[in-house]
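Visitor: how would this look folded up:
(chains A and B)
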Amino acid sequence: MSPRWTLGRLTLLVIALALVALWVLPIAWAVATSLKPESETAKTPLEWIGSTLTLEAYRQVWKSGDLTQWLVNSAYTSVMTTALTVVLCAMAAYGFSRTEFRGRKALYGLVLAGIMVPPQVLIAPLFAEMVQLGLVDTYWGVILPQVAVPAMVFILVKFFDGVPRELEEAAFVDGAGRWRVFWTIVMPLSRPVLAAVAIFTFISTWNNFLWPFLVTTDPNGMTLPVGLVNVQSSYGLRYAQMMASVVIAGLPLLIVFALFQRQIVRGVAHTGLAGQ
Amino acid sequence: MSAIRSAAGEAAVSAPAGATVRTSAGPAVNTPAGASPGAAVRRHWSEHGLVFIAPFLLVYGLFLLWPLLSGIGMSLRSDNIAGTGGEFIGLDNYAEALQDAGVWSSLWNTVWFTVLSTVPLVVTGLVLALLAHHLSCVQWLWRLSWFAPFLLPSGVVGLLFLWVIYPSDFGFADQALASLGLHPGIGWLTDERYAMLSIVLTTVWWTVGFNFLLYLAALQAIPRHLYEAAALDGAGPRHRLRHITLPMLRTTTGVIVVLQILASLKIFDQVYIMTGGGPDDATRPILQYVYQAGFTGYRIGYASAVSYVFFALILIVSLVHLRLSRRTREENAR
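Guide: Sure thing, here's the model as predicted:
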């Protein structure tokens, strides 16, 4: 399309910019509130900037220490979940795509059927299982139920099915074993699709609320979103501090997004559609 | 690693083994076992299959299949939250669920939220994608502002709207309306008439970026020559939108609508955080009812039974989707 600025295109641009403003305003308001002195946060009429700009709220929130603990918990559980998901699902997908054994089709069908089971349906029996396994309030209790994702196996099987087998077969002829072929040929070859799976998994685990909320009762073991919601009443009416912690909690993924925009957009679009 | 890769490449090109290999990968080829490189490769393909799958299956079995099955067992018992202390009571839990006004009202809230949210989420996603695609400049700005909220945890979104956007009078929403000359003093989350709509608004703001991205990808996949041909025929922009763009997006729209319905039915986070299901249970979704029955009411058996009622609803949507997508695939194949 020609990049000429006709009247029509200018109108579209104005509409788009108005919509951008609408989407940015809530976030901007959170940031503005977090930078005000606590006494001026609930003032009317609307004021974007208080009498002074201050980082006092951030200092208070950071000093309380909970936030750092939750950031660590979120980072640890998300990274572990992502790594395990990628490795387990890639191995399983390779097994389904590239090996022949009796009952393979039936097993694959069993895995695919799992796509239709939303994790939210399982919360009650899964929690009882966690109590029996002693995994309540542990990292593994948060991680393990999020690791075996049938949709990711499906995406990877479709990818492996499209990769010609010649390369691997030649390596077999050269005497390379199964494992070596998988780790040194197949995995590096699949980097783009693995990145897509990893990005999608990381975003959804970092943001997951329901399961970590159910399986952690000790504030020290909570992930960031859960911890915030859990202590919100203790903020009383300190809106600046509340918004400071909201900004801190929202920031990590936004920074990651700003850095890897292209990859993330591609990863989400690819995984989001192919999952169905 | 690279040595293996290049060696493998050479072998595939030069050695006749490549050819034998390909046939032997197909079904039922009578090469005497172990006699040719083809057979060796054939043996490789059938090696270790289960070893590759076993770790996944173990976790899948323990944390998906087992709870799915044990949940059925639990739903037939009167156990407490630890899954103990009850007795077998047959279908009593299900009978109770079907007569429980709380179950019906939260099911209705869930469906109502799905109805209210799906249309704006799909339409807004499409409009944003069309804008970004047609403007074909500063793509990073559109993506950043419209997709970024999707990357915020529900806790952040919920607390943001609960604490500084939706409060009456000094909240940002009321103040913005006031600066336009209106003086609403709306109980965004506290008034039964508005609470669900406010939740829908927040959800659209928060998650529309996902649909926006899917539509944007679909738009970029439409072959350019279609537009060029239409332009040669003198078709205006409106004509091109109606007769090329929208028809080409039909499949994507179908997928997005189904994904959106399934996502909306699972609503819990933002409601729990912003209204706690209130006012007066007017926004309580079915998942929150399950949570209350099992985790604050300690009736895990009953919570499981209600979960399966909810699961049935999800399954119906999924099966309709499967049936529809199979039909479109068959139509496309024809």
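Visitor: gap between the helix or strand hosting A:Cys89 and the chain center?
Guide: Here A:Cys89 sits within helix A:66-98, counting by DSSP states H and E. Helix A:66-98 sits 10 Å away from the centroid of its parent chain (CA atoms, centre = their mean, to the nearest Å).
Visitor: give the next helix or strand downstream of it.
Guide: Counting by DSSP H and E, what follows helix A:66-98 is helix A:104-113.
Visitor: quick one: buried residues of the very next helix or strand once past that following helix?
Guide: Following the chain from helix A:104-113 toward its C-terminal end, the next helix or strand by DSSP H and E is helix A:123-133. Of the residues in helix A:123-133, those buried by neighbour count under the rule 16 or more other CB atoms under 10 Å in any protein chain shown are A:123-131. Every C-beta, even on glycine, is put in place using the N, C-alpha and C of the backbone.
Visitor: and what of stretch A:53-71?
Guide: Going by neighbour count (16+ other CB under 10 Å), the buried part of stretch A:53-71 is A:54, A:56-58, A:60-61, A:66-67, A:69-71.
Visitor: touching chain A at all, stretch B:169-185?
Guide: Yes: shown here: stretch B:169-185 in contact with chain A (CB under 8 Å from any CB of the partner chain) through B:169-170, B:172, B:175-176, B:178-179.
Visitor: looking at those, which are in strands?
Guide: Counting by DSSP state E, no part of the residues of stretch B:169-185 next to chain A is found in strands.
Visitor: find the centremost residue of chain A, please.
Guide: A:Ile203 (1.4 Å; CA atoms, centre = their mean).
Visitor: before we move on, what SS does the residue lying closest to B:Gly277 once chain neighbours are set aside have?
Guide: Nearest residue to B:Gly277 in three dimensions, chain neighbours excluded: B:Arg284, at 3.2 Å (CB to CB, 6 or more residues apart in numbering or on different chains). Applying DSSP: H, G, I helix; E, B strand; the rest coil to B:Arg284 yields a three-state assignment of coil.
Visitor: wait, what's in contact with B:Arg284?
Guide: By CB atoms under 8 Å, 6 or more residues apart in numbering or on different chains, the residues touching B:Arg284 are B:102, B:105-106, B:109, B:271, B:277-278.
Visitor: drop anything exposed from the residues you listed.
Guide: The neighbour-count test (16+ other CB under 10 Å) applied to the contacts of B:Arg284 identifies B:106, B:109, B:271, B:277 as buried.
Visitor: quick one: the third one and B:Pro285 touch, right?
Guide: This means B:Val271. Yes: using CB atoms under 8 Å, B:Val271 is in contact with B:Pro285, at 5.6 Å.
Visitor: give me the common contacts of the two.
Guide: In the contact map built from CB under 8 Å, 6+ apart, the residues linked to both B:Val271 and B:Pro285 are B:113, B:277.
Visitor: look up how far B:Phe161 lies from the closest residue to A:Thr99 other than its chain neighbours.
Guide: Nearest non-adjacent residue to A:Thr99, counting by CB to CB, 6+ apart: B:Gly49, 3.0 Å away. Distance check for B:Gly49 against B:Phe161: by CB to CB, to the nearest Å, it reads 50 Å.
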